[in-house]
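Asks: The sequence isn't on hand, but the structure is:
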């Protein structure tokens, strides 16, 4: 089975494809310190009708269609350039500050245990005053369920703070999920290292190549996220309160550590490939050494047998009744002496 996959590339003409049987679902969370209202609907009008400007509102859009995204962006006066970014796939993580909105685009990563490949889903976040809208193409998986549970508890910080803190919580959940992928790749590397040391075979090189490919995919995906987080951390937009900047610093530390882990594992995979080649070369050298020793030990017997096989009239021991036995004993004696000499020198 070929587990290779294409490198993800950005094409601005390519839009997110949503399956026909996967309807867009709008999840609305409107809350303050004391109360919270939540509901999910497939109706754009119902989702946007009840927006209380005094509450913090989180609208999560699962499943993207061009017409619905553009309609939602028009409803909340989101710039068309941001709508274009939301609908374009394969982009590197980025942030924008346009009009009265802060925008973040970052990858969400999942490790497919069946194929051993990293799956990437694009998350788009639009932040405005007391409003956060998140867009993701696939409604079947996201890392935000713990956050949804915290929203139900009135004593949690997310209920006491504004939409910028909610943006921090979303980014933090995504970045923390990177560590799950990193741990899976780390476990694969440890297993591969054991295989290389214990019993290297031809399939090892393919496995190392595959995991190096996944580590490269991981590095390309998460490295730009550090710049994104840093832009929110140092943003001068009043949407990000000074009291909440320290939380973005915490996410910045997490993504920096994740990048360092990824680079270390890439280096480890390279070293693993070198270790495999060295193991194969060492095994080949052992085989060549044994063959050389055998050939060298048999050389005297070959020479003696060639001499006594010459077509001469008078050859020593040719008429002796025990000539054959003496000749064989001489051959064996020379071979044994050579063997002992090689052993003493530590050549095998």
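Replies: Here it is on my side, so go on. Quantities reported herein were computed from a predicted structural model and do not represent experimental measurements. Numbering: from 1, shown residues only.
Asks: residue boundaries of the helices in the stretch 151-300 of the chain?
Replies: In order along the chain, the stretch 151-300 of the chain carries the following helices (DSSP state H, counting those that start in this stretch): 157-160, 163-198, 202-233, 245-308.
Asks: List just the one of the ones you listed that sits closest to residue 43.
Replies: helix 163-198 (23.1 Å; C-beta to C-beta). Glycine gets a C-beta too; all of them are placed from N, C-alpha and C.
Asks: what's the closest one packed up against?
Replies: strand 56-62, strand 101-112, strand 117-128, strand 131-136, helix 145-151, helix 157-160, helix 202-233, helix 245-308 (3 or more C-beta pairs under 8 Å, 6 or more residues apart in numbering; DSSP states H and E).
Asks: If I take the third one and helix 163-198, what angle do their directions form?
Replies: Strand 117-128 and helix 163-198 are oriented at 170 degrees to each other (axes from the mean of the first three to the mean of the last three C-alpha atoms, to 10 degrees).
Asks: what packs against strand 117-128?
Replies: Counting by 3+ C-beta pairs under 8 Å, 6+ apart, strand 117-128 packs on helix 80-87, strand 101-112, strand 131-136, helix 163-198, helix 202-233.
Asks: ok, back up a step: nearest approach to residue 23 belongs to which of the helices of the stretch 151-300 of the chain?
Replies: That would be, of these and by C-beta to C-beta, helix 163-198, which comes in at 22.7 Å.
Asks: Can you give me every residue that contacts the residue lying closest to residue 100 once chain neighbours are set aside?
Replies: Leaving aside its chain neighbours, residue 100 sits nearest to residue 128 (5.8 Å; criterion: C-beta to C-beta, 6 or more residues apart in numbering). Shown in contact with residue 128 (C-beta atoms under 8 Å, 6 or more residues apart in numbering): 76, 100-102, 163, 239.
Asks: Of the helices and strands packed on strand 117-128, which stretch is the most buried?
Replies: The highest mean neighbour count among the helices and strands packed on strand 117-128, using mean count of other C-beta atoms under 10 Å, belongs to strand 131-136: a mean of 23.
Asks: Kindly calculate the angle that it makes with strand 117-128.
Replies: Using the same axes, to 10 degrees: strand 131-136 against strand 117-128 is 160 degrees.
Asks: What number of neighbouring residues does residue 252 come out with?
Replies: For residue 252, the count of nearby residues is 21 (other C-beta atoms under 10 Å).
Asks: so what's it up against?
Replies: Counting by C-beta under 8 Å, 6+ apart, residue 252 has contacts 226, 229-230, 233.
Asks: which ones are touching the nearest residue to it once chain neighbours are set aside?
Replies: Distance criterion C-beta to C-beta, 6+ apart; nearest residue to residue 252, sequence neighbours excluded, is residue 229 at 4.7 Å. Residue 229 is in contact with 171, 175, 248, 251-252, 255, counting by C-beta under 8 Å, 6+ apart.
Asks: Next: residue 258.
Replies: 175, 178-179, 182, 222 are the contacts of residue 258 under C-beta under 8 Å, 6+ apart.
Asks: can you do 10 Å?
Replies: Taking C-beta atoms under 10 Å, 6 or more residues apart in numbering, we find residue 258 in contact with 175-176, 178-179, 181-182, 218-219, 222-223, 225-226.
Asks: Please produce TSV containing the residues you listed, extended by distance to residue 337.
Replies: Converted to TSV, the contacts of residue 258 look like this (distance: C-beta to C-beta, whole Å):
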residue	distance to residue 337
175	70
176	70
178	65
179	64
181	62
182	60
218	60
219	60
222	65
223	65
225	70
226	69
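Asks: Those: which two are farthest apart?
Replies: 176 and 219 (17.8 Å).
Asks: do you know which of the helices of the stretch 151-300 of the chain lies nearest residue 111?
Replies: helix 163-198 (4.4 Å).
Asks: The nearest residue in space to residue 110 that is not next to it in sequence and residue 268: what is the separation?
Replies: Distances taken as C-beta to C-beta, 6+ apart place residue 119 nearest to residue 110, at 4.5 Å, with adjacent residues excluded. Using C-beta to C-beta, to the nearest Å, we find residue 119 at a distance of 23 Å from residue 268.
Asks: These two: who's more crowded?
Replies: Per other C-beta under 10 Å, whichever of residue 119 and residue 268 has more neighbours is residue 268, with 20 against 16.
Asks: if we can go back for a sec, out of the contacts of residue 258, who's nearest residue 109?
Replies: Closest to residue 109, out of all of the contacts of residue 258 and judged by C-beta to C-beta, is residue 181, at 4.9 Å.
Asks: Tell me who's in contact with that closest one.
Replies: 109-111, 118-119, 214, 217-218, 221-222, 258, 262 are the contacts of residue 181 under C-beta under 10 Å, 6+ apart.
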